[in-house]
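Peer 1: Turn this into a model:
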Amino acid sequence: MQSTWIGVDIGTSNVKAVAFDENGGVVAHATGTCVTYHPRNRFVEQNPDEIYRLFLHVIRQVTEQLRHKNATVEAVSLCSAMHSVIPLDAHNRRLTRSILWADNRSEAQADALKQASVFPKLYSHTGIPAHPYAPLTKMVWFRETQPRLFSRIQRFVSQKEYIWFNLFGKFHIDYSMASGTALLNNRRLKWSEMALQYTGIRATQLSEAVSTYHVEKLTNPLLCRKLGLPSGTPFVIGAGDACLANLGSGALAKGVSTLTIGTSGAIRQTAATPARDEKRRLFTYILDETHFVSGGPTNNGGNVLEWLSKHLLLKDPNELLALAENAPPGADELLFVPYLLGERAPVWDAHARGSYQNLSWQHTQAHLVRATLEGIVLNLNQTRQIIDGQLSKTQILHANGGFTQSKFWVQLLADIFGIAVKVNQSGESGCLGATMLAMKSLGKIDSLEKGVQNCVHFAETYHPDPSNRAMYRKVNKNFGKLIGQWKE
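Peer 2: Here you go, the predicted structure:
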């Protein structure tokens, strides 16, 4: 009978459950689409109960597949999108929907934090830049704009904590998710008194912070039947998606960075100690007590191509990718700043906006598409340069996310970054990372490095085209100048 490990990724767009064998091979897979609500301008929300039901559904689908394959489940481990906020009342009932990382309602609170005299020291505690994506700024928004509601809030949780409470009746948050709140001192692994004081909440309004290896056993008979799992199945609390994407892509060694482009995007590197950028442009999250993931996320990834498809050129995204190949590298000096949704790294400015520069009569639809794709990658390369200065120079890049389905786009990445790009074989790096945490937690492997050696596999490697090197050095420099107003 085959043993499997289930990783569940509670994402923004989808909830996925994937069962892997001990060598990282996919045995079963299920996914469900999340519904996102935009009740007002800059508000981005989801219904936590809908996401919980989706979570139960995808696990049940996977266990049904495993039953037909005569396979057993060793453990279930969780990966989750970070930075969501759900306020609960004294009876643990939610007072609003889940407020997501992409929600910008707390722009004014983030601006005030950035200017506050306490912020440099607060960043040194938490490693989180001042931006509306941070739960801290959303909690301050509740206090300043919704005082009556704020007075009723007895606890703030994330979507992952909401699910964990529904499973086990306990309010736990793993160190990884906690490190993304801007409230955790990620060196001491305790809630920061300075952050609590600034926010105006008590430590008792937050969950108990626990190791990413923390285990609870599922014993509720109703839930066991719903999920198709035997009583006593271990659930490992796991970590945030940024950390588990690094682990699942095999990026633990010095000089190895991971780049993901899906709806949004990010570039990250793993180190043995928390990084601190004196200009406060990088985040640092906790994978476990000896692995810290630092980098920068972008709001503007594959969603920019979707915008170009739906609102500007009115062509299918695959048609646009083919069209881009007809334009020369550098798009005949056409530059695109991709800040359609404000931006996190490298500028950390929710007010930033996108633009085409140097647009002229000679530029065609092909130029517009190529410049758009280049702009997304050029922006991530700005963050790569900051990471290289703070941690280790990136020698090789591990790539994952939906963009890797386009050979053209991955080659563009190698050319603009000027380094080799290895594409992960598994498109489910978050789920795979979660299962490796579970394997270490339950003693199947003795280190995460061993898990990477056993479970992480690669498809193709792309090398930069030497003939484009000089061109893209110039384009990178020009792009850096173009976004200088926000960088400063």
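Peer 1: Which residue ranges of the stretch 51-200 of the chain form helices?
Peer 2: 107-115, 119-126, 135-145, 147-152, 159-168, 175-179, 193-199 (DSSP state H, counting those that start in this stretch).
Peer 1: List of residues touching the longest one?
Peer 2: To tie it back to what came earlier, the one meant is helix 135-145. 83-85, 87, 99, 103, 105-106, 108-110, 113, 128, 130-132, 149-150, 153, 156, 158, 180-183, 195, 198-201 (Cβ atoms under 8 Å, 6 or more residues apart in numbering). All C-beta spots, glycine's among them, are computed from the backbone N, C-alpha and C.
Peer 1: And those, which of them are buried?
Peer 2: Buried members of the contacts of helix 135-145, counted by 16 or more other Cβ atoms under 10 Å: 83-85, 87, 99, 103, 105-106, 109-110, 113, 128, 130-132, 150, 153, 156, 158, 180-183, 195, 198-199, 201.
Peer 1: that older thread, quick one: which of the contacts of helix 135-145 sit in strands?
Peer 2: Using DSSP state E, the subset of the contacts of helix 135-145 located in strands is 87, 99, 156.
Peer 1: I'd guessed the second one sits against residue 47; true?
Peer 2: No. Because the distance of 11.6 Å does not satisfy Cβ atoms under 8 Å, residue 99 is recorded as not touching residue 47.
Peer 1: Where do the domain boundaries of this structure fall?
Peer 2: Split into domains by automatic domain parsing, the chain comes to 2-242, 250-424+457-488.
Peer 1: what packs against the helix or strand in which residue 266 is found?
Peer 2: According to DSSP states H and E, residue 266 maps onto strand 265-271. With contacts taken as 3 or more Cβ pairs under 8 Å, 6 or more residues apart in numbering; DSSP states H and E, strand 265-271 sits against helix 241-248, strand 256-261, strand 291-298, helix 365-390.
Peer 1: And the residue nearest to residue 245 when sequence neighbours are not counted, how far from residue 255?
Peer 2: Distances taken as Cβ to Cβ, 6 or more residues apart in numbering place residue 429 nearest to residue 245, at 4.8 Å, with adjacent residues excluded. Noted for residue 429: a distance of 19 Å to residue 255, by Cβ to Cβ, to the nearest Å.
Peer 1: Residue 310 too?
Peer 2: Taking Cβ to Cβ, one finds residue 310 at 39 Å from residue 255.
Peer 1: Also residue 36?
Peer 2: For residue 36, the distance to residue 255 - Cβ to Cβ - is 37 Å.
Peer 1: Tell me which helix or strand in this structure has the weakest average pLDDT.
Peer 2: Within the chain, no helix or strand scores below helix 484-487, which has a mean of 78 by mean pLDDT, DSSP states H and E.
Peer 1: Can you give me every residue that contacts the residue located most distally from the centre of the chain?
Peer 2: Taking Cα atoms, centre = their mean as the measure, the residue most remote from the mean C-alpha position of the chain is residue 361, 38.8 Å away. By Cβ under 8 Å, 6+ apart, the contact list for residue 361 is empty.
Peer 1: Phi and psi next, for it.
Peer 2: The phi/psi pair for residue 361 (degrees, to the nearest 10) reads phi -60, psi -30.
Peer 1: related to what we said a few turns ago, just say which of the helices of the stretch 51-200 of the chain is most tucked in.
Peer 2: Neighbour counts (mean count of other Cβ atoms under 10 Å) averaged over each of those peak at helix 175-179, with a mean of 30.
Peer 1: now that one, how far from the centre of its chain.
Peer 2: 13 Å (Cα atoms, centre = their mean, to the nearest Å).
Peer 1: which ones are touching the residue most central in space within the chain?
Peer 2: Centroid-nearest residue in the chain: residue 242, 4.2 Å away (criterion: Cα atoms, centre = their mean). Shown in contact with residue 242 (Cβ under 8 Å, 6+ apart): 82, 180, 266, 268, 283, 285, 293, 295, 297.
Peer 1: Contacts only, for the first one.
Peer 2: Right, residue 82. By Cβ under 8 Å, 6+ apart, the contact list for residue 82 reads 101, 158, 177, 180, 240-242, 285.
Peer 1: Next: the fifth one.
Peer 2: Under the criterion of Cβ under 8 Å, 6+ apart, the contact list for residue 283 reads 127-129, 180, 242, 294-297, 345.
Peer 1: Beta-bridge partners for it, please?
Peer 2: Taking DSSP bridges as the rule, residue 283 bridges to residue 295.
Peer 1: what residues are up against residue 126?
Peer 2: In this structure, residue 126 makes contact with 179, 181-186, 192, 195, judged by Cβ under 8 Å, 6+ apart.
Peer 1: Closest one to residue 404 out of those, please.
Peer 2: residue 179 (27.2 Å; Cβ to Cβ).
Peer 1: Just the pLDDT for the closest residue in space to residue 438 that isn't next to it in sequence.
Peer 2: Of all residues not flanking residue 438 in the chain, residue 77 sits nearest, at 3.8 Å (Cβ to Cβ, 6+ apart). We have a pLDDT of 98 for residue 77.
Peer 1: Around residue 77, count how many other residues there are.
Peer 2: Using other Cβ atoms under 10 Å, residue 77 is surrounded by 29 other residues.
Peer 1: do you know how far it is from residue 52?
Peer 2: 17 Å.
Peer 1: With residue 240 instead?
Peer 2: Here the criterion is Cβ to Cβ. By it, residue 240 lies 18 Å from residue 52.
Peer 1: Same drill for these two, tell me which one is more crowded.
Peer 2: Using other Cβ under 10 Å as the criterion, residue 240 and residue 52 rank with residue 240 on top: 28 against 18.
Peer 1: re the thing from before, please identify which of the helices and strands packed on strand 265-271 is closest to residue 398.
Peer 2: Residue 398 lies closest to strand 256-261 among the helices and strands packed on strand 265-271, at 4.8 Å (Cβ to Cβ).
Peer 1: what's the angle between that closest one and helix 365-390?
Peer 2: Compare the direction of strand 256-261 with that of helix 365-390 by axes from the mean of the first three to the mean of the last three Cα atoms, to 10 degrees and you get 150 degrees.
Peer 1: contact partners of strand 256-261?
Peer 2: With contact meaning Cβ under 8 Å, 6+ apart, strand 256-261 is reached by 245-246, 249-251, 265-270, 295, 301-302, 376, 380, 384, 387, 394-403, 409, 413, 421, 429.
Peer 1: Can you select the buried ones from these in PyMOL?
Peer 2: A single PyMOL command is used to select the members of the contacts of strand 256-261 judged buried by 16+ other Cβ under 10 Å:
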select buried, resi 245+246+249+250+251+265+266+267+268+269+270+295+301+302+376+380+384+387+394+397+398+399+400+401+402+403+409+413+421+429
